[in-house]
Structures are given as C-alpha cells and as structure tokens.
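Undergrad: sequence unknown, structure follows:
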C-alpha cells in the first residue's frame, strides 16, 4: 500500500511537467531543416583554406565531392562519395529555391554526357557556394553568378529535410 502513496504524487508531477513543457512551442520542420542547412553551410565555411587533395575526404584535404560527403556526414547524413552519385541521390531543388546547405552541380568538362556532372559545391547563400576547386587550390567560395559557373551549372539538390512537402 505504501508504494501507491508514492506513485500518485510522481504521476501528478509528471503530468504537470508534461503540460508545462507542452506549452512551449517546438520548432517547425522548416525551422529544423533550415537549421540543418545552415549547419552544413557553416561547417563547409570552417574548412575554407583547406588544401585540395584529389580523392580527399578529410585529413590531408578534400576534393569537391569529398568535401560535400564530409560536411554532410558531420551533420549525420549519409551522402554518396562522387559528384555524379551525389547528383543522382539528392532531391532536386530549383535554382531559385536554393537554401544554405544545398548542393550545386556542374559539368566542367564538355566530353561528359549531358546526364553527368564532375563538380559539386555547397550553397552558402547570396549566390555563393563553397567548393574544393582543383589541384593546387584550396576550399574556397565562388559565385554562381560568374560567367564560368553560370555556363557550367547543371542542377541543384538537397540531402536534408527543409520541412517542405
């Protein structure tokens, strides 16, 4: 009988806590998604200045798709390793709907078929993206609005949930 006397006050306390914490508004799926995208973009920004390293996904440096895979992995997302695989796996996003943390894909070599890409970066907002550009370079910002990247832009995608249908 003594255990029932302790049980009721604990139950009442749990109910009070549940009601009080339920009054707090929880972030919407869109807010949680925007936080994820911002975290991805921020993590990529922290790597600006890291050397380009062909086949690199950390340690000695990064190639473009290694950078994307590494940053997404830090956000708890499993992303394929190559730019072409990443494009096929990402949910398409229209260029005019890009959010920080999205990925942008390019075809920089004309000999590739129109269905393939060979370069990828992480959108940072305001028309800029972060990428590991080429051998001898470093992780850096570039603009989608420069002639070169405008001409070679293929598509954009997303690996995180922006809370949109």
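TA: Okay, I see it. Being a predicted model, the structure only gives us computed values, none of them experimental.

Undergrad: and the gap between the closest residue to residue 144 other than its chain neighbours and residue 58?
TA: For residue 144, the nearest residue in space outside its immediate sequence neighbours is residue 127; the separation is 5.1 Å by C-beta to C-beta, 6 or more residues apart in numbering. Every residue, glycine included, has its C-beta placed from N, CA and C. Distance, residue 127 to residue 58, by C-beta to C-beta, to the nearest Å: 28 Å.

Undergrad: just the strands in the protein please.
TA: All strands of the chain, identified by DSSP state E, fall at 57-58, 61-62, 91-92, 103-106, 119-125, 128-131, 140-143, 153-158.

Undergrad: let me know which of the ones you listed is the nearest to residue 36.
TA: strand 153-158 (9.7 Å; C-beta to C-beta).

Undergrad: quick check: the residue nearest to residue 144 touching residue 141?
TA: No. In this structure, residue 127 sits apart from residue 141 without contact. The criterion is C-beta atoms under 8 Å, and the distance is 10.3 Å.

Undergrad: shared neighbours of the two, anything?
TA: With contacts taken as C-beta atoms under 8 Å, 6 or more residues apart in numbering, residue 127 and residue 141 have no neighbour in common.

Undergrad: tell me the contacts of the nearest residue to residue 81 once chain neighbours are set aside?
TA: Taking C-beta to C-beta, 6+ apart, and ignoring the residues beside it in sequence, residue 81 has residue 69 as its nearest neighbour in space, at 5.5 Å. Applying C-beta under 8 Å, 6+ apart to residue 69 gives the contacts 57, 79-81, 86.
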